[in-house]
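Q: compute the structure for the input listed below.
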Amino acid sequence: MSSEDLLKGVPLFAGLSEQYVESIAKLARARSYSAGQTIITQGEKGVGLYVIVSGAVQITRQVEDAERTLGWMGPGEVFGELALLTHRPRLATVKAVKPTTCLILVSLTFEKMLDHSPEVGKTLAITLAHWLEEAQQRTRHV
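A: Okay, here's the model as predicted:
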């Protein structure tokens, strides 16, 4: 699967035209990880978004004195979306559970593209606003 096809499946980019997804794909880089290798660590500064090309990862979170498994992800799934825009510390640790390749979009590179393509920023703002609205609706019904 091409980088463009993988990025088209990223919910954050759902509203973007094919032209912009292609531009973003040119900024992304593939990186491979060995089984057991940590990809991101809870608490470290977020530097970008990861799309799993192949392999599988485990997501864990340190809560008090215990490590809790939050889930697993495989090809086509994404983690680190909000770090692409916020640089906030990571909320969880992600480790490869078998040889894994990810497509990485670094936030600083992405931000430079936003400086030259405000249309992308506007579309992302609309997408994020919809996510916020959906989250608020879910919490109202709990």
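
Q: and the longest strand seen in the chain, C-alpha only, in PDB?
A: Counting by DSSP state E, the longest strand found in the chain is strand 48-63. Only the C-alpha atoms of strand 48-63 are listed here, as PDB (Å, rounded to 0.1, in the frame of the first residue of the first chain):
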ATOM      1  CA  GLY A  48       4.400  13.400  15.500                       C
ATOM      2  CA  LEU A  49       1.900  10.900  14.100                       C
ATOM      3  CA  TYR A  50       2.600   7.200  13.300                       C
ATOM      4  CA  VAL A  51       0.700   5.000  10.800                       C
ATOM      5  CA  ILE A  52       1.400   1.300  11.100                       C
ATOM      6  CA  VAL A  53       2.400  -0.100   7.700                       C
ATOM      7  CA  SER A  54       3.100  -3.600   8.900                       C
ATOM      8  CA  GLY A  55       3.500  -5.500  12.100                       C
ATOM      9  CA  ALA A  56       1.700  -4.900  15.400                       C
ATOM     10  CA  VAL A  57       2.100  -2.800  18.500                       C
ATOM     11  CA  GLN A  58       1.000  -2.900  22.200                       C
ATOM     12  CA  ILE A  59      -0.200   0.300  23.900                       C
ATOM     13  CA  THR A  60       0.400   0.400  27.700                       C
ATOM     14  CA  ARG A  61       0.000   3.100  30.300                       C
ATOM     15  CA  GLN A  62       1.700   3.300  33.700                       C
ATOM     16  CA  VAL A  63      -0.900   3.900  36.300                       C
END
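
Q: Glu4 reaches Ala25, doesn't it?
A: Yes. The pair Glu4 and Ala25 qualifies as a contact (Cβ atoms under 8 Å) at a distance of 4.5 Å. In short, each C-beta sits where N, CA and C put it, glycine included.

Q: show me where the chain has helices.
A: Remark: helices assigned in the chain by DSSP state H are 3-8, 18-27, 83-86, 107-116, 118-140.

Q: with mean neighbour count added, can I get those in a markdown table?
A: Listed next are these as a markdown table, based on neighbours: other Cβ atoms under 10 Å:
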| stretch | mean neighbour count |
| --- | --- |
| helix 3-8 | 18 |
| helix 18-27 | 16 |
| helix 83-86 | 18 |
| helix 107-116 | 13 |
| helix 118-140 | 12 |
